[in-house]
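>>> got a predicted structure here, sequence first:
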Amino acid sequence: MPISKVTIDSFKSINNLTLEFGQVNVFIGANGSGKSNILEALAILSCAVEGSLDYHKLAYRGSRISSPEIFKSSFKHIDRKNHFSISSDLGGIEYSLTATSSTKTKLKFKTEKIARKTNGRNHKIGGRGPHGTDINGMKGMGAELTSDQGLFPLLEAFKNFSKKETEILNDIKNYAIYSVTTPALRGISGDTSNRSPLGLYGGGLASSLKEIVLAHNRGGEFKEIQSFFKIFDWYKSIGTTEDISKELLSVHVNTIDGVPVYTDKFMKTNFNKLYAYDVSEGALYALFYIVLLMHKESPNIFAIDNVDATLNPSAARATMSNMVSMISKYQNKQIFVTTHNPSTLDAIDLFDDKNRLFVVYRNESGHTKADRISPPESFTREKWIEKYEGQRLSEIWLSGLIGGLDERF
């Protein structure tokens with residue numbers, strides 16, 4: 001996996017946490033348990049690989065722009081550190097950083113270490129710390145680096161990475177957290193993220209869908225979209241606004257980039273178009289996730305916060321199932337999603353090691369922890385079904401057997 005392992009220390013609600021990832025990573029847990037903090041730690045990692053912890057770059061990746069002091073954990077009965085740390089395995093490249101604040105609105109690098117894992121051993125490529133910077137064992141090579149500048153660009157300039165490693169690192173640089181909003185999808189408010197192609201909040205959905213339609217001439221991947229939307233019993237077809245019915249299109253919709261158009265099979269043929277302003281929210285959210293996976297300019301590594309937003313349980317399950325099926329075709333793609341809808345879990349095959357489910361919670365000290373839920377090695381599917389008496393994963397979650405619920409209610 002591009003990001004196969006990460007250890008997060010003293011970051012927001014996370015005192016110390018190690019996670020080993022698969023291709024599809026799903027996080028469940030009570031509100032405020034720290035799920036989004038995990039996604040944002042990955043955004044910090046992405047920025048560091050690009051070579052900066054600049055706030056604009058964090059915002060570009062969809063991270064909340066907290067005060068630098070908020071990034072550093074503060075727990076009772078533990079001495080507060082003046083930094084936070086993230087260590088990772090990035091496709092065989094071992095990378096660790098510590099960061100602290102230089103001003104009230106700025107983060108800076110304190111230490112970095114980059115090594116390559118070969119035959120089970122780490123061979124240091126470069127590092128920085130209190131005693132300076134070294135590249136390939138040569139001291140002072142990065143003397144010109146400031147605390148605002150990361151080590152990766154310098155190592156890339158010295159051609160320290162293979163073609164494959166460079167591809168993985170570029171994918172990590174493009175990481176983004178998507179938090180889709182209904183007004184942006186409907187075209188009644190702008191998407192301030194300026195993130196191509198779809199926008200972090202959904203503002204580029206129409207133009208991206210149109211690009212897929214044109215690129216595939218209404219065949220191939222476009223047929224997959226058409227097929228998926230049969231989960232909605234009113235659905236007949238989907239397209240973009242080549243021919244806009246002024247009678248049906250709300251004046252509140254921004255049509256500069258066009259809008260998605262759904263055809264309702266129950267309505268009269270001369271009055272059966274549903275544009276973004278009027279169609280079901282769920283139909284727009286589901287469309288966004290499919291286009292995000294299909295579009296050639298979408299990042300290969302991304303996160304979706306609240307993937308189930310606005311979706312009926314059956315639609316949430318179908319959407320997640322479709323995403324898992326689609327992403328399995330691409331070895332270089334990796335996704336991280338949070339959900340509060342139990343039915344989403346029924347789309348995940350835990351017997352496939354590429355799919356990983358984590359229950360996130362706060363322990364008695366308030367530290368964010370995450371337990372991976374997976375069948376014991378000795379278990380077959382039949383034994384799993386027998387153990388849980390044929391219950392679906394959604395039912396097992398709701399029964400409280402795997403945690404991730406606020407037990408006060």
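Alright, I've got the coordinates. These numbers come from a predicted model, not from an experiment.

>>> now the end-to-end length of stretch 325-345.
14 Å (C-alpha to C-alpha, to the nearest Å).

>>> list the buried ones in that stretch?
Using 16 or more other C-beta atoms under 10 Å as the burial criterion, the residues of stretch 325-345 that qualify are 326-327, 333-345. Bear in mind the C-beta positions are built from the backbone N, C-alpha and C, glycine included.

>>> nearest to residue 368, of these?
residue 338 (12.8 Å; C-beta to C-beta).

>>> per-residue confidence for that closest one?
If you check residue 338, the pLDDT there is 97.

>>> that one is in contact with residue 309, isn't it?
No. At 10.1 Å, residue 338 and residue 309 do not qualify as touching, with contact defined as C-beta atoms under 8 Å.

>>> run a quick neighbour tally on the closest residue to residue 105 other than its chain neighbours.
Spatially, and ignoring its direct neighbours in sequence, residue 105 is nearest to residue 55 (6.5 Å; C-beta to C-beta, 6 or more residues apart in numbering). Neighbours of residue 55 under the rule other C-beta atoms under 10 Å: 16.

>>> now residue 55: how far from residue 104?
As judged by C-beta to C-beta, to the nearest Å, residue 55 and residue 104 stand 11 Å apart.

>>> and residue 298, by the same measure?
From residue 298 across to residue 104, the span is 34 Å (C-beta to C-beta).

>>> who has more neighbours, these two?
residue 298 (18 against 8).

>>> where does that one land on pLDDT?
pLDDT at residue 298 comes out at 94.

>>> surely it is in contact with residue 197?
Yes. The pair residue 298 / residue 197 is scored as a contact, 6.6 Å apart, by C-beta under 8 Å.

>>> so residue 263, which state does it fall into?
Secondary structure assignment for residue 263 (DSSP: H, G, I helix; E, B strand; the rest coil): strand.

>>> tell me what it is bridged to.
Using DSSP bridges, the bridge partners assigned to residue 263 are residue 237, residue 273.

>>> and it, how close does it get to residue 226?
Distance, residue 263 to residue 226, by C-beta to C-beta: 11 Å.

>>> which neighbours do these two share?
237, 238 (C-beta atoms under 8 Å, 6 or more residues apart in numbering).

>>> isn't residue 317 right up against residue 348?
No. Using C-beta under 8 Å, residue 317 is not in contact with residue 348, being 9.8 Å away.
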